[in-house]
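Trainee: Predicted model follows, preceded by the sequence.
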Amino acid sequence: MKHLWCLTIAASVFALAVCLPLGCQRPPPLPVETDEASEPPWFADVTAEAGLDFVHDAGPVDTYFMPQIVGSGAALFDFNNDGLLDTLPGGGQ
C-alpha cells in the first residue's frame with residue numbers, strides 16, 4: 001500500500017513538472033495592424049441598389065415548428081446566363 005502511495009506522489013510531481021512549463025509560455029504576438037483604408041472591403045452591402053427586400057417571417061412565436069427552428073435561406077444561381085448570380089430567397093415574405 002505504501003508503494004502505491006509513493007507511485008501516486010511521483011506521478012503527480014512528474015505531471016506537474018511537465019505541465020507547468022507548458023502552461024507558463026508567453027502568448028503569441030498580436031498581429032500587426034494594417035491601414036484598413038488601403039485594403040478593399042471583402043463584402044459590400046448592395047441589397048438596396050439591387051432591389052433585394054427580404055423579411056423572414058418565423059410565424060407564431062408561441063410554438064416552435066420546423067420552419068421557425070431552421071430559418072430561411074437563399075439559392076444563388078445564374079438563371080438567365082448573364083454571368084451574374086441571381087438570388088432566390090426562401091422561407092420569407
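Mentor: Good, I have the coordinates.

Trainee: CA atoms for contacts and neighbours, from now on please.
Mentor: Fine.

Trainee: Which helix or which strand is home to residue 17?
Mentor: helix 2-23 (DSSP states H and E).

Trainee: Report the next helix or strand after the one helix or strand in the chain whose mean pLDDT sits lowest in sequence order.
Mentor: Counting by mean pLDDT, DSSP states H and E, the weakest-scoring helix or strand in the chain turns out to be helix 66-70, with a mean of 69. With elements assigned by DSSP H and E, the helix or strand that comes after helix 66-70 is strand 73-77.

Trainee: Where does the prediction get shaky in the protein?
Mentor: 1-2, 34-37, 67-68, 91-93 (pLDDT under 70).

Trainee: and the helix or strand following the helix holding residue 17, which residues are buried?
Mentor: As assigned by DSSP H and E, the chain's next helix or strand after helix 2-23 is helix 47-50. Along helix 47-50, not one residue counts as buried under the neighbour rule (16 or more other Cα atoms under 10 Å).

Trainee: Just the CA trace of helix 47-50, in CSV.
Mentor: C-alpha atoms of helix 47-50 as CSV (Å, rounded to 0.1, in the frame of the first residue of the first chain):
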residue,chain,number,x,y,z
THR,A,47,-29.0,44.9,-51.3
ALA,A,48,-30.8,48.3,-51.6
GLU,A,49,-29.4,49.1,-55.1
ALA,A,50,-30.1,45.6,-56.3
